[in-house]
Each structure stands twice: as structure tokens, then as C-alpha cells.
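Peer 1: just a sequence and a predicted model for now, questions to come.
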Amino acid sequence: MSAAATTFMAGRMGLDRKRMRGIGLGAIPFLVLLGAWELNTFMGWLKPVYIPPLRAVVDAVFTLQEGCSALGILGMHESCLFTNHILSSLGRVGLGLVVGVPLGIGLGVLAGMSRRLSNAMEPVGVFANAISGIAWVPLAIVWFGVGWFTTLFILLNTVFWLVFFNTLLGVRSVPRTYEHSVLTLGGNRWHIISQVYIPGALPSIVTGVRMGIGFGWRALIAAEMIGGNTGLGFMIFVSANEYKVEEVFLGVLLIGIIWMVTDRIILVPLEKWTIERWGLVWRPS
Amino acid sequence: MTTVSAPAAPARRDRKHPRLHRFLHQGGLELACVLLGGLALWSFLSHVVIPRPDRYLPSPGSVVFSSADMLWKGLLPDFVTNTVWRLLIGSGLGLGVGIPFGILLGLNRTVSDMFYPILNFFQSISGIALLPIVMIWWGTSEQTVIFVILYTVLFPISFNVLVGVRSIPRIYINALRTLGASRLQIARDVILPGALPSIATGARLGIGFGWRAVIAGEMLAGQRGLGWMIFTAQQVDLTAQVILGMTLIGIMWIVLDRYLLRPLEADTIQRWGLVQR
């Protein structure tokens, strides 16, 4: 009974033989790498200042979190250095998405509705996307000073322009026939937006959101290094200046893991859902 | 007869200036309005609203003037060539290592299943995040910046090539094998052409990330170039130079992307894309 239940659960979670084999195979290079890392520490080939021992990296979590309680993590108590940095980075990503995505979609739909305006805004979007990210950091520091808002600005700037640009292209690519048929059936402007433009542009919007998060996360880390005073990017930069290599390694590994988890849990399903639900695979023109 | 020539007149004008005509009819006027409006707003803000325009928002005129100043001193061409060189060397090395690596890993199903997750993992650690570690290894040297670009280019390209090689239908390889082709022939005639579209896509993606890494690397590792220029200009309050640098960074990326990478990708996909299906 329990065996059957386990099999059932495994089946539901998609953990069939093929997937298990993939996970097992995929783990091999990671294990080899970890083994080589441990071996390096054991043999003393590269000094700990270049490659810190694996143990030291794990210990760094406890050093950074010293004197921190579970409640302190949630309250972002100042003794919880490590989780504070993670939470402030993630908080910025959350805020950047909550503000940047609706703004980008809204303005993108508005601009995409008029063919002439969208033609005019396209080069502007291309240019803004070409500068967005790290190149804004110095100007943002001049405007907002080093700190929270500078990093948020960099993220918002990256997310907004990518979402805006892709929404605009998506709305423009919706065939005019659909719009006309809704109008013929007595629909008003709002119907066109909600029933034609947004569903039609959705695959493109999702691509924009996905790219926005991808580029935004990278830009955010860089912005935190140069113009921030909290966050994972700030943590690895300061630790590197103090030669606390184990903290740098910890931060870098976490940056990779956070991105992979976000990609796996949010972005890939989102894209799959859009394509399945709306059936259109968006082709970039 | 006259009725025929009347509608023909605008058509002849179109042929005379087809580009201008297309430009004007595809939102060129609106674009000009948007640009002029933006510039006017910028000048207005800088001259009237902002308290210390030199520091917070220099006028477009002073940005242009700062470029003249830097051109005359010969700094700007230096910075631009330095940055471009770094990108070329870094991404050249990245492509040179990444493409063969991706092809080799993609050849065997088991091997590619094995390396797919780890490549994805390293792809998701951006080169900029790695910069502090590399700076501990090699200090703030040229090597550091080049390595970061190489790293940033390497993983997107090898990941994409691996996926591309995997997606080549087995039937083509089997067909060639039945006809008595050697391993080398299969690699040359099936795998390489089949992987070309994903090589082109991966290259564009990788170089795009690489371009951002150059800018960040120059800022943090203090190597002279455009990124360094805007970073140091900010520290000494030369905001006009910061805006000039940003504009140049944008323009250079557009030129690189629109006129080199995108056409290359599109042509490759057009020429070789059928092989995949």
C-alpha cells in the first residue's frame, strides 16, 4: 500500500525512471567538482585565500548568522547578516517586479495600440535596452546616492524597458483582423485591450518578463556591488575587500542557486503555461 | 493618358527617395518628435528646474561639449578601442573554447545529460558575481577583466551548442552512417551545420552578456575603458562625461547587435535552420 502510494507520489511529481536517471547523471559533475574542491584543501595545492575549504564556506553561514534567532530572521535583526542580505536582494527583486512589470505592460499596450507611435517608440526602446543595467549605476549614484534606491532604480530600469519593449512588439504583432472583428461585434476599446491585445501579446510579454528578471538579477548584483549598502552583491564585494574568501564563495554560490530556483519554479512554468494556454509561440520579427 | 500619369507621380517620387519615404511613413516623424521632445524636456529640466545641473543633469549641449573636449585630448578613442578590444579578446576566447566544448558534450546523449545541469548552473552565476573572486586571484589586472568576459561568454555558448547538437535528429546521423561515412564526415556534414543556428543564437546571447560584463569589469577592476570612464567621471562629479559614456555604450551595443550579430544570426538560421527540422 505504502509502496504503491510512493510510486503514485513519485509519478505525480514526475519522478519517473527517466527523470531519476537525469538527476543522477546530472549530479555526477557536481560531485566530481566538490570532490576536487575537497581534494585541493586536503593536498594544499591552492592556498585557502584562493580556494577556501568547503567547510569554511559552510561555517561562514554560522559566522554571519551569529546571535540570530528565527524571529530575528523575519524581523531582519542586525545580527542576521546573511539572511538580511538575501532578503534585501529578494525584496528588491519583488518590488522591482511588482512595480516594473505592470508599468511596462500598461505603457507597452498603450504605445502598441497606435502603429505610428509604436514605430516611433521602438528605436527608443532598443536604445534604452542597450544602455539599461550596469551603465546607469554611476548616474544613479549621482542622483540617489549610494544605497537602497540606487539598486532598486537599476533593477526597475532594466525590468521596465524589457517588458515595455516586448509588450509593444507583441501588441503590434496582433493581426488587425481580430481587433476589427471585436469592433464589428460591438466591443469597445476596453474589450479590445482585454480580449485582443493582452492575450495576443501574452507570449511576448512573458518573454519580456523572463528576460527582465534574468538581466535584472545580473544588473542588481552588479549595482549592489558598486552602488549599494545591502544585498548579496554588496556582501560578496565587501567580503572580497576584506579577503573573507569563504563568504565570497558562499554569496556567489547562493546567487547561482537563487537564480536557478527562480528560473525553475517561476519562469519556466510561466512560459510553458502561456504557450499551452494561449497556443501561440511568439516569433520575434 | 493624363489620368494614368497622375497616380504614377507619387510612385516615381517613392522610387527616387524610397528610404526617406519609408522612414517618414513608418513613424519617422513621430520618432523625430519623441526625440526632439525628449531633448527639449532634458534641456528645460537642466536649465530651469534642477538646482545644480552640472552635478545632477548637465544639458545636452554640455554633454556634446564634453565629448569634443575628450576627443581633442584623444581620450575617448582610447577608451572606446580599449573596451572593444577587451570584448573581442574575451568573447573570441569564450567562443573558441565554448563551441568545441559544447559540440563534444552534445555528441553523446549520456554525456550531454550529465553536463546539462552543471552548465546551466554556471550559466546562472553571472560573470559579474564572479568578479570579486577573480579579483582576489589576480588583483585588478587586465587578466581579471578578460577572464570575466571569457567566463560570461563561455557558458551561454556551450549550453546553447549542447542543446543545439542534441536537437539534431538521429535519423540524419544514421543515414550518413548507413552510407558509410566516417565519424569526421558526420561531424563535418551533419553536426556542425545542424548546430550552426544554435551557435549563432548562443554567440549573440553570450556576447550580449559579455558586453555588460566588460562595462562592470572595467568599473570594478579599474581598467581604462568606457566603463571606467563613467565610473571615475562620477567620482569627480563630471556628470556630463557620465551621460556621454552611457550614450556611447548604448550606441555601440546597438551597432554591434543590429548590424553585426543579428544579421549573422538571421542569415545563419535562414541558411542552416532547415537542417534541424
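Peer 2: Arrived safely. Numbers count the residues shown, from 1 in each chain, chains lettered A, B, ... in the order given.
Peer 1: CA atoms for contacts and neighbours, from now on please.
Peer 2: Noted.
Peer 1: and for stretch B:255-263, what are the contacting residues?
Peer 2: Stretch B:255-263 is contacted from outside by residue B:204, using Cα atoms under 8 Å, 6 or more residues apart in numbering or on different chains.
Peer 1: and what of stretch A:160-167?
Peer 2: For stretch A:160-167, using Cα under 8 Å, 6+ apart, the contacting residues are A:100-101, A:103-109, A:112, A:122, A:125-126, A:128-129, A:132, A:201-202, A:204-205, A:207-209, A:211-212.
Peer 1: any idea how far residue B:250 is from the spatially most central residue of chain B?
Peer 2: The residue lying closest to the centre of chain B (Cα atoms, centre = their mean) is residue B:208, at 3.6 Å. Using Cα to Cα, to the nearest Å, residue B:208 is found at 12 Å from residue B:250.
Peer 1: also residue A:81?
Peer 2: Distance from residue A:81 to residue B:250, by Cα to Cα: 37 Å.
Peer 1: what's the answer for residue A:210, then?
Peer 2: 22 Å.
Peer 1: how about the residues of the stretch 51-200 of chain B near chain A?
Peer 2: B:55-56, B:110, B:113-118, B:121-122, B:124-126, B:128-130, B:132-133, B:135-137 (Cα under 8 Å from any Cα of the partner chain).
Peer 1: would you map out the domains in chain A?
Peer 2: Following automatic domain parsing, chain A resolves into domains at A:2-45, A:70-278.
Peer 1: now for the spatially most central residue of chain A: which residues touch it?
Peer 2: Using Cα atoms, centre = their mean, the residue of chain A that lies closest to the mean C-alpha position is residue A:213, 3.5 Å off. Residues near residue A:213 by Cα under 8 Å, 6+ apart: A:97, A:159.
Peer 1: now with 7 Å, please.
Peer 2: residue A:159 (Cα atoms under 7 Å, 6 or more residues apart in numbering or on different chains).
Peer 1: now find how far off-centre the helix or strand encompassing residue B:144 is within its chain.
Peer 2: Here residue B:144 sits within helix B:142-166, counting by DSSP states H and E. Helix B:142-166 sits 14 Å away from the centroid of its parent chain (Cα atoms, centre = their mean, to the nearest Å).
Peer 1: buried stuff in whichever helix or strand comes after that helix?
Peer 2: Sequence-wise, the next helix or strand downstream of helix B:142-166 (DSSP H and E) is helix B:170-178. Across helix B:170-178, burial judged by 16 or more other Cα atoms under 10 Å in any protein chain shown covers B:172, B:173, B:176.
Peer 1: what's the average pLDDT for stretch B:75-88?
Peer 2: Averaged over stretch B:75-88, pLDDT sits at 93.
Peer 1: let me redo that: stretch B:31-41
Peer 2: 89.
Peer 1: list the buried ones in that stretch?
Peer 2: In stretch B:31-41, counting by 16+ other Cα under 10 Å, buried: B:31, B:34.
Peer 1: burial measure for residue A:208, as a count.
Peer 2: 25 (other Cα atoms under 10 Å in any protein chain shown).
Peer 1: make that residue A:190, sorry
Peer 2: By other Cα under 10 Å, 10 other residues sit near residue A:190.
Peer 1: still on that earlier bit, on contacts alone, who are the packing partners of the helix holding residue B:144?
Peer 2: helix B:75-107, helix B:109-124, helix B:127-138, helix B:192-221 (3 or more Cα pairs under 7 Å, 6 or more residues apart in numbering or on different chains; DSSP states H and E).
Peer 1: is chain B contacted by stretch A:99-119?
Peer 2: Yes. Stretch A:99-119 lies within reach of chain B by Cα under 7 Å from any Cα of the partner chain, at A:116, A:117, A:119.
Peer 1: among those, who's most crowded?
Peer 2: If you count neighbours using other Cα under 10 Å, the busiest of those is residue A:119, which has 23 neighbours.
Peer 1: mean confidence for stretch A:70-83?
Peer 2: Averaged over stretch A:70-83, pLDDT sits at 79.
Peer 1: Provide the secondary structure category for residue A:45.
Peer 2: coil (DSSP: H, G, I helix; E, B strand; the rest coil).
Peer 1: can you check the pLDDT for it?
Peer 2: 86.
Peer 1: do the same with the one 3 residues further on
Peer 2: Here the pLDDT value assigned to residue A:48 is 84.
Peer 1: tell me how far the residue nearest to it when sequence neighbours are not counted lies from residue B:118.
Peer 2: Nearest residue to residue A:48, sequence neighbours excluded (Cα to Cα, 6 or more residues apart in numbering or on different chains): residue A:41, at 7.4 Å. Remark: distance between residue A:41 and residue B:118 (Cα to Cα) = 22 Å.
Peer 1: cool, and residue A:59?
Peer 2: Distance of residue A:59 to residue B:118, computed by Cα to Cα: 24 Å.
Peer 1: residue A:140 now?
Peer 2: 35 Å.
Peer 1: neighbour count for those two, which is higher?
Peer 2: Between residue A:140 and residue B:118, counting by other Cα under 10 Å, residue A:140 is the more crowded of the two (22 against 19).
Peer 1: low-confidence regions, the chain specifically.
Peer 2: No chain specified, so I'll use chain A. A:1-15, A:278-285 (pLDDT under 70).
Peer 1: switch to chain B, please.
Peer 2: B:1-16, B:273-277.
Peer 1: got the domain ranges for it?
Peer 2: According to automatic domain parsing, the ranges for chain B are B:2-49, B:64-276.
Peer 1: pick the most buried one from these.
Peer 2: domain B:64-276 (a mean of 21; mean count of other Cα atoms under 10 Å in any protein chain shown).
Peer 1: what's near enough to touch residue B:136?
Peer 2: By Cα under 7 Å, 6+ apart, the neighbours of residue B:136 are A:50, A:240.
Peer 1: which bits of the stretch 51-200 of chain A sit near chain B?
Peer 2: A:116-117, A:119-121, A:127, A:130-131, A:134-135, A:138-139, A:142-143.
Peer 1: looking at those residues, which are in helices?
Peer 2: A:116, A:117, A:119, A:120, A:121, A:127, A:130, A:131, A:138, A:139, A:142, A:143 (DSSP state H).
Peer 1: can I assume the second one is in contact with residue B:32?
Peer 2: It stands for residue A:117. No. Checked against Cα atoms under 7 Å, the pair residue A:117 and residue B:32 is beyond contact range at 11.1 Å.
Peer 1: follow-up on the earlier one: most packed of the domains of chain A?
Peer 2: Taking mean count of other Cα under 10 Å, domain A:70-278 is the most buried of the domains of chain A, at a mean of 21.
Peer 1: tell me which helix or strand the residue nearest to residue B:245 when sequence neighbours are not counted sits in.
Peer 2: Once flanking residues are discounted, residue B:245 sits nearest to residue B:230: 5.7 Å by Cα to Cα, 6+ apart. Using DSSP H and E, residue B:230 sits within helix B:226-235.
Peer 1: what's that helix packed up against?
Peer 2: Counting by 3+ Cα pairs under 7 Å, 6+ apart, helix B:226-235 packs on helix A:137-144, helix B:75-107, helix B:192-221, helix B:239-256.
Peer 1: so for residue A:171, which of those sits nearest?
Peer 2: helix B:239-256 (23.0 Å; Cα to Cα).
Peer 1: name the next helix or strand downstream of the closest one, please.
Peer 2: Downstream of helix B:239-256, the next assigned helix or strand under DSSP H and E is helix B:262-272.
Peer 1: got the angle for that next one vs helix B:239-256?
Peer 2: If you take axes from the mean of the first three to the mean of the last three Cα atoms, to 10 degrees, helix B:262-272 sits at 20 degrees to helix B:239-256.
Peer 1: for helix B:262-272, C-alpha coordinates in PDB please.
Peer 2: Output of helix B:262-272 as PDB, limited to C-alpha atoms (Å, rounded to 0.1, in the frame of the first residue of the first chain):
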ATOM      1  CA  ARG B 262      21.500  39.900 -35.500                       C
ATOM      2  CA  PRO B 263      22.100  39.800 -39.300                       C
ATOM      3  CA  LEU B 264      24.700  37.000 -38.700                       C
ATOM      4  CA  GLU B 265      22.200  35.100 -36.600                       C
ATOM      5  CA  ALA B 266      19.300  35.600 -39.000                       C
ATOM      6  CA  ASP B 267      21.500  34.600 -42.000                       C
ATOM      7  CA  THR B 268      22.700  31.500 -40.300                       C
ATOM      8  CA  ILE B 269      19.200  30.400 -39.300                       C
ATOM      9  CA  GLN B 270      18.000  31.100 -42.800                       C
ATOM     10  CA  ARG B 271      20.800  29.200 -44.400                       C
ATOM     11  CA  TRP B 272      21.200  26.300 -42.000                       C
END
